[in-house]
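In: What shape does this take:
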Amino acid sequence: MSPTPPHNPLAHERYPRSNRYDPQWVFDNLMGPHPLWLLEALCEHLVIEPGLRVLDLGCGTALTSIFMAKEFGVKVWATDLWIAAEENQARIEAAGVGDLVTAVHAEAHALPFEDEHFDLVVSLDAYHYFGTDDLYIGALSRLIRPGGRIGIVVPGVKQELEAIPEVLAPYWQWDFCSFHSPAWWRRHWDKTTKVRVERADLVPGGHEDWLRFEEATAMHGVGWHREAGAREAAMLRADAGEYLGFVQMVAVKA
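Out: Next up, the predicted model:
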C-alpha cells in the first residue's frame, strides 16, 4: 500500500483512520460506497480489541478486513462469494497482514465455520443481498459465541416505501427492493429472538457521505466505476436527502 498522496480526494474530517489509506488503493479495489467510511462509522458502536475473532461477511476485495487487522489487531476471516480467495489473499499479503487475515471463498448460506467460532461478525454494504431472509439471522447467529455481536451497515431508506418515489424512478434498479428502514431491520432481527438489537438507526450524514464518495469516484475512479459514480451521484442529488441513506445495526447474541 503506497503512502497517501498530499491531496487526498477521500479525506474526511469524520474518518481519521480511513484518511491514512491511499485513496487510489480504494478506487482500484472498489465494489461500492467507501467501505472504510462505513466500517469506521460502525466501529463507533463496537468494542474491538486485539485478538478478537471476526467474520467479515461479504468483504468484497477485503479492504475492510485489512483495515480491521491493521487498526485493531484482530483476526479476520475475509469471506466473499464474488471475489476469489486467492485474489483477496494476495491483496492481504501485500498489505502486510497475512498473519491476521485469512481469505475465504464462500456463499453466505454455506459458511464453512464451526458453531460459536466468532466473537464478532461485521458486514458492510453486503448483508441486504442475503440477510433479508427471515431465517438467515438464525443460521448466522450459530457462528457467534454467546454474548458476541453482529454489526452491519447497508444502504436503506428513512421510512419504508410504498412505491418508488418519482424523483428516484429514473435511477431505480430492481434490487433496490432490498433497501429497508432502520425500524424494518430492528423488527426483522428482534422477532427471531436469536439476537438482541442494541441499535438500529441511520448513519449520521450517511446520505451526504454517499454523495461525496460517488462524486469523488466520478472524478478519480477506474474504468466503468467513473460512469457508475456519476450515475449514482445524480440519483443522490435528485433524492436530496429525502429517502436514501445508510442503516447501521448492532446486536448481541441472545
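
In: what about the helices in the stretch 1-150 of the chain?
Out: 23-28, 35-43, 63-72, 85-94, 136-141 (DSSP state H, counting those that start in this stretch).

In: Same list, those helices, but as a markdown table with mean neighbour count and mean pLDDT please.
Out: Where you see a C-beta, it was placed from the backbone N, CA and C, and this is true even at glycine. Converted to a markdown table, the helices of the stretch 1-150 of the chain look like this (neighbours: other Cβ atoms under 10 Å; pLDDT from 0 to 100):
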| stretch | mean neighbour count | mean pLDDT |
| --- | --- | --- |
| helix 23-28 | 19 | 96 |
| helix 35-43 | 24 | 98 |
| helix 63-72 | 24 | 98 |
| helix 85-94 | 17 | 98 |
| helix 136-141 | 18 | 97 |
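
In: okay, the ones you listed in JSON lines with distance to Leu168 next?
Out: Shown next, in JSON lines, are the helices of the stretch 1-150 of the chain (distance: least, Cβ to Cβ, whole Å):
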{"stretch": "helix 23-28", "distance to Leu168": "26"}
{"stretch": "helix 35-43", "distance to Leu168": "21"}
{"stretch": "helix 63-72", "distance to Leu168": "27"}
{"stretch": "helix 85-94", "distance to Leu168": "33"}
{"stretch": "helix 136-141", "distance to Leu168": "27"}
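
In: mind checking which of those helices is nearest Gly223?
Out: Nearest of those to Gly223, taken as Cβ to Cβ: helix 23-28 at 9.9 Å.

In: Run through the neighbouring helices and strands of that closest one.
Out: helix 206-220 (3 or more Cβ pairs under 8 Å, 6 or more residues apart in numbering; DSSP states H and E).

In: Which one of the helices of the stretch 1-150 of the chain lies nearest to Leu202?
Out: helix 35-43 (10.3 Å).

In: For Leu143, grab phi and psi.
Out: Here is the backbone geometry of Leu143 (degrees, to the nearest 10): phi -80, psi -10.

In: count of neighbours near it?
Out: Counted with other Cβ atoms under 10 Å, the neighbours of Leu143 add up to 20.

In: now Glu166
Out: By other Cβ under 10 Å, 8 other residues sit near Glu166.

In: for Val195, same thing?
Out: By other Cβ under 10 Å, 22 other residues sit near Val195.

In: Report the beta-bridge partner residues of it.
Out: Here Val195 sits in beta bridges with Lys253, as judged by DSSP bridges.

In: Check the one 4 residues further on too.
Out: Under the criterion DSSP bridges, Arg199 forms beta bridges with Val250.

In: State the pLDDT value of it.
Out: Note on Arg199: pLDDT of 97.

In: residues in contact with it?
Out: Going by Cβ atoms under 8 Å, 6 or more residues apart in numbering, Arg199 touches 45, 248-250.

In: And those, which of them are buried?
Out: For the contacts of Arg199, a burial check counting by 16 or more other Cβ atoms under 10 Å picks out 248-250.
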